[in-house]
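1. Got a sequence here, can you build the structure:
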Amino acid sequence: QGVLVPGLGTFAVVPEQINSTEEVYVVRRPVFQLDMDMSCLQELVFPTVMIPGDIIIMPLDYWWLSQTNSLPPDLVRGCVEETILLYSFQLRDRQHPAFAFENIGILSCQDNVLCMQFHCSCIAGLESQDTWVALLLT
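-> Purely as a prediction, here's the structure:
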């Protein structure tokens, strides 16, 4: 399943098959598909990531987030929307701050390349059998 963060992009976990000389591995790895206003990304390059059509994409669950921090869902939604808006304005102004997602990774811009770097712990948490293969892929 994937999660759509409106104005930013989609996080998903996708299975990927890797053929080695000895074995076939199927690992689950996190991906991020950017979905921002292109005017924010004028001179930036970002990897094209396609999430397979069979992955179910759900909207960000503001009610669930509100339960984790005891804030009303509308306030959580407003905070998320304002944070994404601020980030897009910073990109438009050629500022390149890192956008950290707790326990997931960091969306950062280095040398005009905007990319999502997943934490090793996030990858390891998704793939317990072939962790080292998933880490190498991601």
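2. Distance of the residue of the chain most remote from its centre relative to F89?
-> Distance from the C-alpha centroid of the chain peaks at E22, with 31.8 Å (Cα atoms, centre = their mean). According to Cβ to Cβ, to the nearest Å, E22 stands 50 Å off from F89. The C-beta positions use only the backbone N, C-alpha and C, and glycine is treated the same way.
3. what's the answer for S108, then?
-> S108 is 17 Å from F89, where distance means Cβ to Cβ.
4. Compare these two (neighbour count), which wins?
-> Under the neighbour definition other Cβ atoms under 10 Å, S108 and F89 were set side by side, and S108 has more, 15 against 11.
5. Tell me the secondary structure of the more buried one, please.
-> Under DSSP: H, G, I helix; E, B strand; the rest coil, S108 falls in the strand class.
6. could you measure it against A100, distance?
-> From S108 to A100 the distance is 9 Å (Cβ to Cβ).
7. what distance separates the helix or strand hosting V80 from the centre of its chain?
-> In the assignment (DSSP states H and E), V80 maps to helix 73-92. The chain centroid and the centroid of helix 73-92 are separated by 16 Å, computed with Cα atoms, centre = their mean, to the nearest Å.
8. for that helix, packing partners?
-> When contacts are defined as 3 or more Cβ pairs under 8 Å, 6 or more residues apart in numbering; DSSP states H and E, helix 73-92 sits against helix 62-69.
9. Extract the C-alpha trace of the helix it packs on and format it as PDB.
-> Output in PDB follows, covering the C-alpha atoms of helix 62-69 (Å, rounded to 0.1, in the frame of the first residue of the first chain):
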ATOM      1  CA  TYR A  62      -5.000  12.900   9.300                       C
ATOM      2  CA  TRP A  63      -7.200  11.300  11.900                       C
ATOM      3  CA  TRP A  64      -4.600   8.600  12.700                       C
ATOM      4  CA  LEU A  65      -1.900  11.300  12.800                       C
ATOM      5  CA  SER A  66      -4.000  13.300  15.200                       C
ATOM      6  CA  GLN A  67      -4.300  10.300  17.500                       C
ATOM      7  CA  THR A  68      -0.500  10.000  17.700                       C
ATOM      8  CA  ASN A  69       0.000  13.500  18.900                       C
END
